[in-house]
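**Student:** need a 3D model of the following:
(one chain, ligands or ions: 2)
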Amino acid sequence: MPPSAAAPAPLAVIVMGVSGCGKSTLGALLADAFACPFLEGDDYHAPDAVEKMRRGDPLTDEDRWPWLDRLAQASATAIETSVAVVTACSALRYSYRDRLRAGIGAPVRFVLLENSRERLLTRLQNRPGHYMPASLLDSQLVTLERPSCDEAALVLTTDASPKELRDQVLGWLKSYQ
Ligand SMILES: Nc1ncnc2c1ncn2[C@@H]1O[C@H](COP(=O)(O)OP(=O)(O)OP(=O)(O)O)[C@@H](O)[C@H]1O
Ligand SMILES: O=C(O)[C@H](O)[C@@H](O)[C@H](O)[C@H](O)CO
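**Tutor:** Ligands and ions are numbered 1, 2, ... in the order given. Coordinates of the predicted model:
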């Protein structure tokens, strides 16, 4: 049974990182532990943005701003009723995370998931049926700006299992209570 955890309220936890790093997998486990909503960032992309990625073109800032605003609004709405929310969002740039923090309007904690380019490629290549091509990984890695020390962020390497990563995040969040 996953550990139950009373999320420090109100709180938005955003699992971030490049495509294939494990955001959706860990985000779902965290939301289950908090018994709170899980927002899958992929679900908030405009159709034309999904098609752009599917054909192998990286998104631009202009593509991402409305997507980030929709995600921030949905996260803020979720917090109004559930107190906590877990969101999976690449949030690659400082400016994107600033936009999310401003839009959510409640405490936000980021969890960056990382691994080697080779392992990320393997995971992307072994994930059939997803619109995101492995060919876009390098553009994601180039765009990623790791959280600065003044951002409330935890950085994890995803060599551990998703459940072990979940427990590491739960332990880290307790330090904010
Ligand atoms: N800790 C882990 N150890 C091993 N494999 C993992 C781990 N976390 C996720 N995976 C696997 O890696 C692949 C990518 O995971 P996931 O879809 O959660 O990544 P993502 O960051 O949400 O990707 P995207 O941003 O493209 O949606 C999946 O096949 C998943 O099963
Ligand atoms: O910021 C971006 O370029 C996008 O959010 C991508 O990261 C995709 O959403 C995701 O990786 C595919 O599922």
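
**Student:** what residues of stretch 168-177 count as buried?
**Tutor:** By neighbour count on 16 or more other C-beta atoms under 10 Å, the buried set for stretch 168-177 is 169-170, 173. (C-beta placed from N, C-alpha, C; glycine too.)

**Student:** ditto for stretch 83-99
**Tutor:** Quick answer for stretch 83-99 (16+ other C-beta under 10 Å): 83-92, 96-97, 99.

**Student:** among those, give me the pair with the biggest separation.
**Tutor:** 83 and 92 (27.5 Å; C-beta to C-beta).

**Student:** output the lengthiest helix in the chain as CSV - backbone C-alpha positions only.
**Tutor:** Longest helix in the chain, counting residues (DSSP state H): helix 61-82. Extracted in CSV, the C-alpha atoms of helix 61-82 (Å, rounded to 0.1, in the frame of the first residue of the first chain):
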residue,chain,number,x,y,z
ASP,A,61,8.0,29.8,-26.1
GLU,A,62,5.0,31.1,-28.0
ASP,A,63,3.6,27.5,-28.2
ARG,A,64,4.2,27.0,-24.5
TRP,A,65,2.8,30.1,-22.9
PRO,A,66,-0.9,29.3,-23.4
TRP,A,67,-0.3,25.7,-22.4
LEU,A,68,1.4,26.8,-19.2
ASP,A,69,-1.4,29.2,-18.4
ARG,A,70,-4.0,26.4,-18.9
LEU,A,71,-2.0,24.1,-16.6
ALA,A,72,-1.6,26.8,-14.0
GLN,A,73,-5.3,27.6,-14.0
ALA,A,74,-6.3,24.0,-13.8
SER,A,75,-3.8,23.5,-10.9
ALA,A,76,-5.2,26.5,-9.0
THR,A,77,-8.7,25.3,-9.5
ALA,A,78,-7.8,21.9,-8.2
ILE,A,79,-6.2,23.4,-5.1
GLU,A,80,-9.5,25.3,-4.3
THR,A,81,-11.3,22.0,-3.7
SER,A,82,-8.6,19.4,-2.9
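
**Student:** please enumerate the strands of this protein.
**Tutor:** 11-16, 38-40, 84-88, 108-114, 153-157 (DSSP state E).

**Student:** now those strands in a markdown table, with mean pLDDT and distance to ligand 1?
**Tutor:** A markdown table is the format used below for the strands of the chain (pLDDT from 0 to 100; distance: least, C-beta to the nearest ligand atom, whole Å):
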| stretch | mean pLDDT | distance to ligand 1 |
| --- | --- | --- |
| strand 11-16 | 97 | 8 |
| strand 38-40 | 98 | 8 |
| strand 84-88 | 97 | 5 |
| strand 108-114 | 97 | 7 |
| strand 153-157 | 97 | 9 |
